[in-house]
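Q: A predicted structure for the sequence below; I have some questions about it.
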Amino acid sequence: MEESLEVRILASVAEIRPELERLKALGYDFLVDLTAVDYPTRELRFELVYLVHRFADESRIRVKAATGDRAPSVTAIHAGANWLEREVFDMFGIAFDGHPNLKRILLPEDWEGHPLRKDYGIVQMDNAWVQANLGIESGQ
Amino acid sequence: MSTVLDANELVLNMGPQHPSTHGVLRVILKLDGERVTGLDCVIGYLHRGVEKIGENRTYAMFAPYVDRMDYVSAVSNGLGYCLTVEKLLGVVAPPRAQITRVILTELNRIASHLLWLGTHALDVGAITPLFYCMREREEALKIFENYCGARLTTHAFRIGGLQYQLQEGFEEQVRAFCEMFPAKIDEYERLLTGNRIWRDRLEGVGILTVEDCKELGVTGPLLRAAGLAWDLRKAIPYSGYERYEFDVPTGSRGDTLDRYTVRMEEMRQSVRIMKQAVANIPSGPIMAKVPKVIKPPAGECYVSIEAPKGELGYFIVSDGTLNPYRVRVRPPGFLNLQALERMAKGALVADVVAIIGTIDFVMGEVDR
């Protein structure tokens, strides 16, 4: 397995904004994707993964940073990060500081739990929400 | 212009059960008279947790699930997923499989664009094109059906190549489609391109510039219509796309009419690619050497393809076990839909319908 792209691992989440700004000035002005991976055994359990693209030579750089449940928002640098950060917040429970409208995007706003965390089971759900809003005992 | 009623902002709820929102999209419109002053998209009604399911299935078991995301271009979804796992495994599909993949994905691009054209035209008031588009889409679906037995959620490819040999008459069927189809595109254009109502409804509506697209992560026909000739099949070629001759159509104004023109031309280019591919399908194996139990070494990779709607990417993290540790899908529709607010601000309510149609998203993919 080999990937022909550069991977940069940042020392802390505080470096995300300056790093993406630097890259933007170098022409990496297109945020392709923003997501997270959960490693519950690590001290900082989440890893944020950013992928930026430069149209001039079609090159891409992946930027990664470990974080707990808070991270700075990059919406001021890439407006498209708005929904992507909301999805990460929804699925992992990472709060982005400085996000203009941080609320759940795919799940109902009053849902409890963050499904893409590793400790969230595949059939687990917010039973109280399901019973109150759908009028059924369980979704299973 | 000010009236006594100006102080009252009208909030109008559109969807999720609204025929022009193409599935279950809910848009909350803030209106000043007929003008949209702001809007809020509410999505997630079709969320099934595809990424979570991926972590709980083996690599091969997860493949059919990806078809259910963008279900009108299931072949593209499958291609992206197979390419990503192949990259993790370090295998490359044999030439015969690659060419077959190109033919089927281009055919799928046509099928997807036809559904877009038919419903988009229907949304702005032209009923006839829908029937015409469905008629030709049927021919494309028949080829899928003959090949793999399914019409919509095809699961056409396997990790490492193809499961099925090409059936007898496959090449003739594809050639017949390529012969028949360009004249049909002319037919649609005769109905629409010069039509005054069509032009009035589309011209200057929902403008998105290249800068807007870059800022918001918008890809696919929307980006090309804004004027940037960027297509992953050219930019970062996969499956041997660098061997085919085709043009990347672009627009100049980035309005709804440009997006229409770009997609029409894309269908012509897809026919061009299919003709080149079907003319030299090599013989040989259709599967690379892939172990029975797929267990990629630990690592991560991101592979993206030019799906009919834009950049479709898969980011898979492997920890060396039977199941992926993390599967992230970068859906083009999700990011393209985010641009709806910028496109619709200042437009009329009726234009919102046209703009939703022109983005061409499928909620199954937006919500996953």
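A: All right, it came through fine. Numbering: from 1, shown residues only, chains lettered A, B, ... in the order given.
Q: what residues does stretch B:54-64 touch?
A: A:122, B:53, B:65, B:78, B:81-82, B:85, B:153, B:155, B:157-159, B:294, B:296, B:322-327 (CB atoms under 8 Å, 6 or more residues apart in numbering or on different chains). C-beta: built from backbone N, CA, C; applies to glycine.
Q: give me the neighbour count for the residue of chain A found nearest chain B.
A: At 3.4 Å from chain B, residue A:80 is the closest residue in chain A, using CB to the nearest CB. For residue A:80, the count of nearby residues is 25 (other CB atoms under 10 Å in any protein chain shown).
Q: ok, the closest residue to it other than its chain neighbours to residue B:305 distance?
A: Sequence neighbours aside, residue B:217 is the residue nearest to residue A:80 in space, at 3.4 Å (criterion: CB to CB, 6 or more residues apart in numbering or on different chains). According to CB to CB, to the nearest Å, residue B:217 and residue B:305 sit 16 Å apart.
Q: please list the residues of the stretch 51-200 of chain B that sit near chain A.
A: Contacts of the stretch 51-200 of chain B with chain A, taken as CB under 8 Å from any CB of the partner chain, map to B:51-53, B:55-56, B:87-90.
Q: who wins for most neighbours among those?
A: residue B:88 leads those on contacts (other CB under 10 Å) with 25 neighbours.
Q: tell me which residues touch the residue lying closest to that residue once chain neighbours are set aside, please.
A: What sits nearest to residue B:88 in space, not counting adjacent residues and going by CB to CB, 6+ apart, is residue B:296, at 3.8 Å. Going by CB under 8 Å, 6+ apart, residue B:296 touches A:1, B:59, B:85, B:88-89, B:318, B:320.
Q: what do you get if the cut-off is 10 Å, keeping everything else the same?
A: Counting by CB atoms under 10 Å, 6 or more residues apart in numbering or on different chains, residue B:296 touches A:1, B:59, B:84-91, B:159, B:316, B:318-322, B:324.
Q: what is the burial count for residue A:10?
A: 18.
Q: out of the contacts of residue B:296, which are inside helices?
A: Counting by DSSP state H, the part of those found in helices is B:59, B:84-89.
Q: so which of those would you say is closest to residue A:34?
A: The nearest member of those to residue A:34, counting by CB to CB, is residue B:84 at 17.9 Å.
Q: so who does the closest one touch?
A: B:59, B:159, B:296, B:301-305, B:313-316, B:324, B:327, B:329 are the contacts of residue B:84 under CB under 10 Å, 6+ apart.
Q: what does residue A:102 give?
A: A:73, A:75, A:82, A:85-86, A:89-90, A:95-96.
Q: just the pLDDT for the residue in the stretch 1-150 of chain B positioned nearest to chain A.
A: Closest contact between the stretch 1-150 of chain B and chain A, by CB to the nearest CB, is at residue B:44 (3.9 Å). Listed pLDDT for residue B:44 reads 89.
Q: that one and residue A:91 touch, don't they?
A: No: with contact defined as CB atoms under 10 Å, residue B:44 and residue A:91 do not form a contacting pair (11.2 Å).
Q: now the common contact residues for these two.
A: Common neighbours of residue B:44 and residue A:91 (CB under 10 Å, 6+ apart) are A:104-107.
Q: most neighbours of all these, which one?
A: residue A:105 (25 neighbours).
Q: list the residues that contact it.
A: So residue A:105 contacts A:82-91, B:41-44, B:47, B:334, B:366-367 (CB under 10 Å, 6+ apart).
Q: try 8 Å this time
A: For residue A:105, counting by CB under 8 Å, 6+ apart, the contacting residues are A:83, A:86-87, A:89-90, B:43-44.
Q: for residue B:231, give me its contacts.
A: B:224, B:248, B:306.
Q: what subset of the residues you listed is also close to chain A?
A: Within the contacts of residue B:231, nothing lies near chain A by CB under 8 Å from any CB.
Q: among these, which lie within helices?
A: Taking DSSP H, the ones among these that sit in helices are residue B:224.
Q: distance between the longest helix along chain B and the chain's centre?
A: Ordering each helix of chain B by length in residues (DSSP H) puts helix B:95-123 first. Relative to the mean C-alpha coordinate of its chain, helix B:95-123 is positioned 8 Å out (CA atoms, centre = their mean, to the nearest Å).
Q: and that helix, what does it pack against?
A: helix B:74-89, helix B:128-148, strand B:157-158, strand B:161-162, helix B:170-192, helix B:256-279, helix B:349-359 (3 or more CB pairs under 8 Å, 6 or more residues apart in numbering or on different chains; DSSP states H and E).
Q: could you list the buried residues of that helix?
A: B:95-123 (16 or more other CB atoms under 10 Å in any protein chain shown).
Q: near chain A, which residues of the stretch 251-368 of chain B are found?
A: Residues of the stretch 251-368 of chain B lying near chain A (CB under 8 Å from any CB): B:296-297, B:299, B:301-302, B:304, B:311, B:313, B:315, B:317, B:325-326, B:328, B:330, B:334-335, B:338, B:367-368.
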